[in-house]
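**Q** 3D, please:
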Amino acid sequence: MPTHDPEDPLRRVLLDSLDPEIASPQLASALVARLRALEASDGVTWARDLLAADGPADGSADGTADDSALQRARTVTGHLLYERGLAEDRVGPTLAPHLTAWSPAPVSAWQPLDLTAADLASPESIEDSYDVIVIGSGAGGGMAAQTLAEAGWRTLILDRGTLPERASLLTEPLRTPRAGLGLFTNVGPGAGSESRRVEVGSRHEEVTAEHGLWNNNAMTIGGGTRVYGAQAWRFAPEDFAMASTYGVPAGSALADWPITYAELEPFYSRVETMLGVSGRTGSDPWEGPRSAPLPMEPLGASPLTSLLASAAARLGVGTQPVPLLVNSRPYQGRAACVRCAQCVGFDCPVGARAGSHNTTLPRALASGSATLLPGAQAARILVDATGRARSLELVGEQDGRIWRRTVGAGTVVLAAGAIESARLLLDSACEEFPVGLGNAHDRVGRHLQGHAYGGASALFAEEVVDLRGPGPSISTADFRHGNEGIIGGGILADEFVPTPASTHQYLRETGLVPPSARLGAAEVESAMLRFARIMGPIQEVTSADSRVRIDRGARDRLGRSRVHLSGSLHPEDLRGREMLTARAADWLREAGAATVRPMSPIGPGSPPSAGQHQAGTCRMGTDPRSSVVDPGGRVWGHENIVVADASTHVTNGGVNPVLTILANALRISERVVRAG
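**A** Numbers count the residues shown, from 1 in each chain. Now for the predicted structure:
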């Protein structure tokens, strides 16, 4: 009897997905082996997608796979083929000249990190009490830690993440947060993480961290700033007064901030100088007055930039460089950007991008007053009968064992992200505060928001990709406000340079490449160099029903209650997103794109909006009946518990929120210091 090789169908489909120029049995075997490894480590079902393209499709009369099955098979093959960028034996002649440019930076180019394992504490080495414990080491936590430590406060900084192996953050494109492939990211909680329960319309799903619905906010030393795109926009004055500007639409909880742009402006300017922002001031029609210009000139343009600039001028749309927390020249002891093709989702090989791990955290440690403990979660805040925090229950896992410590705290600063900060307040319920801390009026966890994105993709007749990062070089802020019939709006910008795998995926998803087109073929490789995207976030209209709750009866192995997410985008958000998508498509068409594909509409019953721009669950206000923290970030009823992340945001702007997180954290932490 003939023997059956179970790998044959996979090898056959993989070989069929490749152009003869690069197809070989050896390459197919390598791709199959890698696929099997990913199935074992991450539970992916890519083999199923491949095999769907092998043989007759359902209802097919001619015995061929349907277009969608072919498209999925080609997409999966692209993930495997370009897993680490481009390789000599995996490209055709069109991409061959770009091997070095479109692959990870060589090890010889890497600059050392400002933090090393020697800077990190262990559970056994920390003290029994601290003046302040900062929970989270991302944008808000890092800024608060530096401010408090430099003021002489004995500061313990916690993060549930660690310092991942540097190589993984620089050489593994498929595990970046942006890849969205169903793999565990290299800045996530990993395969052993707890599940979250998510309501999507009438469905309830239980998902783990590899799933997009989990809404991961990067968990590593430095938080999201270790791998973010670093767009450094200020919120506009109107963003702080959305209800006054637009009114409150039915079904929303839109409200004004208790502070104004003018109150936050000095902190914006200080952060821009302290960390370094490149760009050009004075061209955003909605930006408020400035007390100082940006400290650095913008990074260079791309071939697409001039096409978009001319098109915008013809459309009567204003443009400006994208402000970035990226050095365009040496600044604050950090190198200038080397313009590599890997930025968002990756570590910066030379440290040109400002993140907590190479700015605020090293400065906090240099003060001699700070201790940084990785791999640690705050399980509960322990308070006395008056609501004053006395200590924290810490928990983590080390060498396969769960450890626990109770550490005294004079002040607690929450900066763990909108989901985890709300979770901790709710999970800290006790006899005196049975529904959680700061939650007497059922406000904790409500108003969860993130950013829905509008945009469009396009193919040009000529090459517009030069692989010079970071990518965003031109934007328009004209649509942030003043859009007839729309509440708010957002910016639009050309995208970060995507990885080869992501570029190929976008081309497939948008139908800009035919289903049958093989990888390595001239038509596919040419399209990868002629592809462009314009994207932008829409300011969401907040809803009290979009929220974080906890399921107290379902606990993870560390004893923490399961997160329960619910809510969806407001109808006004969907209208705003469609407006932004239409403007992006118009811009690309005017720029001469041969084919334009607007983003598909989002229907009713969308999942909760959070992700890496998550905000709003500990809303700032002047009335404890409608907010969680006061204008100084203090949790109502708990005078020494402070929130210093985007949880405090009343609205989240139509721009990336990190500069506002940093500025507000600086403002809040300096108030804590002054109050003593």
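
**Q** now do the longest strand anywhere in the chain: distance to the chain's middle.
**A** Counting residues, the longest strand in the chain under DSSP state E turns out to be strand 401-414. On the basis of CA atoms, centre = their mean, to the nearest Å, strand 401-414 sits 27 Å off its chain's mean C-alpha point.

**Q** C-alpha coordinates for it, CSV please?
**A** Below are the C-alpha coordinates for strand 401-414, written out as CSV (Å, rounded to 0.1, in the frame of the first residue of the first chain):
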residue,chain,number,x,y,z
ARG,A,401,6.2,29.6,41.5
ILE,A,402,3.6,32.2,42.6
TRP,A,403,4.9,34.7,45.1
ARG,A,404,3.0,37.2,47.2
ARG,A,405,4.1,40.3,49.2
THR,A,406,2.2,42.9,51.1
VAL,A,407,4.0,46.3,50.9
GLY,A,408,3.1,49.5,52.7
ALA,A,409,2.4,52.6,50.7
GLY,A,410,2.1,56.2,51.7
THR,A,411,0.5,57.0,48.3
VAL,A,412,-0.6,54.8,45.4
VAL,A,413,-0.4,55.9,41.8
LEU,A,414,-2.4,53.9,39.3
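
**Q** pLDDT below threshold where in the stretch 151-300 of the chain?
**A** Along the stretch 151-300 of the chain, segments meeting pLDDT under 70 are nowhere present.

**Q** and the longest strand of the chain, what does it pack onto?
**A** Applying 3 or more CB pairs under 8 Å, 6 or more residues apart in numbering; DSSP states H and E, we find strand 401-414 packed against strand 129-135, helix 139-150, strand 376-383, strand 389-398, helix 418-427, strand 641-643, helix 658-675. Just so you know, the C-beta spots here come from the backbone N, C-alpha and C atoms, and that holds for glycine as well.

**Q** can you put these in a markdown table and add distance to Arg634, mean pLDDT and mean neighbour count?
**A** Shown next, in a markdown table, are those (distance: least, CB to CB, whole Å; pLDDT from 0 to 100; neighbours: other CB atoms under 10 Å):
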| stretch | distance to Arg634 | mean pLDDT | mean neighbour count |
| --- | --- | --- | --- |
| strand 129-135 | 13 | 98 | 26 |
| helix 139-150 | 13 | 98 | 30 |
| strand 376-383 | 13 | 98 | 23 |
| strand 389-398 | 11 | 97 | 19 |
| helix 418-427 | 13 | 98 | 27 |
| strand 641-643 | 5 | 98 | 29 |
| helix 658-675 | 8 | 98 | 23 |
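
**Q** how far off strand 129-135 does the longest strand of the chain point, in degrees?
**A** Counting by axes from the mean of the first three to the mean of the last three CA atoms, to 10 degrees, strand 401-414 lies at 90 degrees to strand 129-135.

**Q** how far off strand 389-398 does strand 401-414 point, in degrees?
**A** Going by the same axes, to 10 degrees, strand 401-414 makes 140 degrees with strand 389-398.

**Q** strand partners of strand 401-414, parallel vs antiparallel please.
**A** strand 129-135 (parallel), strand 389-398 (antiparallel), strand 641-643 (parallel) (DSSP bridges).

**Q** so where do the helices sit in the stretch 101-250 of the chain?
**A** 139-150, 166-171, 242-246 (DSSP state H, counting those that start in this stretch).
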